[in-house]
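Participant: Could you look at this predicted model? Sequence included:
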Number of protein chains: 2
Amino acid sequence: MSNKSFVNKSATVFSALGDMTRLELVSRLSDGEQHSIVQLADGLELSRQGVTKHLNVLKQAGVVSCKRVGRESRFTIRTESIDTARDYLTRASAQWEEAIERLRATVED
Amino acid sequence: MSNKSFVNKSATVFSALGDMTRLELVSRLSDGEQHSIVQLADGLELSRQGVTKHLNVLKQAGVVSCKRVGRESRFTIRTESIDTARDYLTRASAQWEEAIERLRATVED
DNA sequence: ATTATACGCAACCAATAGGTTGCGTTTTAT
DNA sequence: ATAAAACGCAACCTATTGGTTGCGTATAAT
């Protein structure tokens, strides 16, 4: 994966996670099971359509996937995207650590 | 830290990182050194004020800090916030792994 | 002393995001 | 056969975002 598309994808995932409601949805989906929209909407102070919109944002970012079963739309979390985002942060952190180390070495010269 | 404020803070950081321009800025700041606004703006197809706005978003989210030196505003990356966000993803991932394991166990019963 | 640099503040604008409501369709339950 | 549940689509609205420009001020360079 090119660095540009890596950054791009990461930004999309971060953006998708950058909302309390969507983080709550991700949390509810973190049990690894499939959930319908009404299930996910239950307890949220938000209309079903509001929840649907958020789920579509997550889907667009690749954070969740969705399949229709009967009259239900069942959503599942997709870990790959989450891992991609975490990798980004890990890389950034590592880069920073290296830099600190280099700076320290310079000072001690 | 309560779970609610943890989620809240995470969402804020994710939101701050959810923009290509800001990710680029974070990347430039990942050398661990201080950078002025003009330095950071160099090469970006964006006005200085545009960059300033983005930096303020990052600052608000705790991703960077800023101190005035002479006529310059020098920005530095703050790893704590990045680590908080990464922790969130790690937790989510772990929770998911556990769930999968549980589901597998159930199936094999 | 004058000029150039680096910045902050504020007004402004278009586009997007987050949310709603209304309505139609398919699937399930009675 | 009817009714209810679960959804998608689309219109609509307001607040926020990402971006601009203009202008003023403090610091640094000449």
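Facilitator: Received it, and whenever you're ready, just let me know what you need.

Participant: ok, longest helix in chain A?
Facilitator: The longest helix of chain A (DSSP state H) is helix A:79-108.

Participant: Report the buried residues of that helix.
Facilitator: A:Thr79, A:Ser81, A:Ile82, A:Thr84, A:Ala85, A:Arg86, A:Tyr88, A:Leu89, A:Ala92, A:Ser93, A:Trp96, A:Ala99 (16 or more other Cβ atoms under 10 Å in any protein chain shown). Bear in mind the C-beta positions are built from the backbone N, C-alpha and C, glycine included.

Participant: Flag every residue of chain A that's near chain B.
Facilitator: Contact residues (Cβ under 8 Å from any Cβ of the partner chain) of chain A with chain B: A:7-8, A:10-20, A:23-24, A:26-27, A:30-33, A:77, A:79, A:82-83, A:85-86, A:89-90, A:92-93, A:95-96, A:99-100, A:102-103.

Participant: residues from chain A in reach of DNA strand D?
Facilitator: Residues of chain A that fall close to DNA strand D, judged by Cβ under 7 Å from any atom of the strand: A:Ser36, A:Ile37, A:Val38, A:Arg48, A:Gln49, A:Thr52, A:Cys66, A:Arg68, A:Arg71, A:Glu72, A:Ser73, A:Arg74.

Participant: 6 Å instead?
Facilitator: A:Ser36, A:Ile37, A:Val38, A:Gln49, A:Thr52, A:Arg71, A:Glu72, A:Ser73 (Cβ under 6 Å from any atom of the strand).

Participant: Among those residues, the buried ones, what's the PyMOL command?
Facilitator: Here the buried members of these are turned into a PyMOL selection, burial being counted by 16+ other Cβ under 10 Å:
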select buried, chain A and resi 37+73
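
Participant: what about chain A, any weak spots by pLDDT?
Facilitator: Scanning chain A for pLDDT under 70 picks out A:4, A:108-109.

Participant: list the contacts for the nearest residue to A:Asp83 once chain neighbours are set aside?
Facilitator: Excluding its sequence neighbours, the residue lying closest to A:Asp83 (Cβ to Cβ, 6 or more residues apart in numbering or on different chains) is B:Ser93, at 6.9 Å. With contact taken as Cβ atoms under 8 Å, 6 or more residues apart in numbering or on different chains, B:Ser93 is in contact with A:Thr79, A:Ile82, A:Asp83, A:Arg86.

Participant: rewinding a little: for the residues of chain A next to DNA strand D, which one is nearest A:Asn3?
Facilitator: Within the residues of chain A next to DNA strand D, distances to A:Asn3 taken as Cβ to Cβ reach their minimum at A:Thr52, with 33.9 Å.
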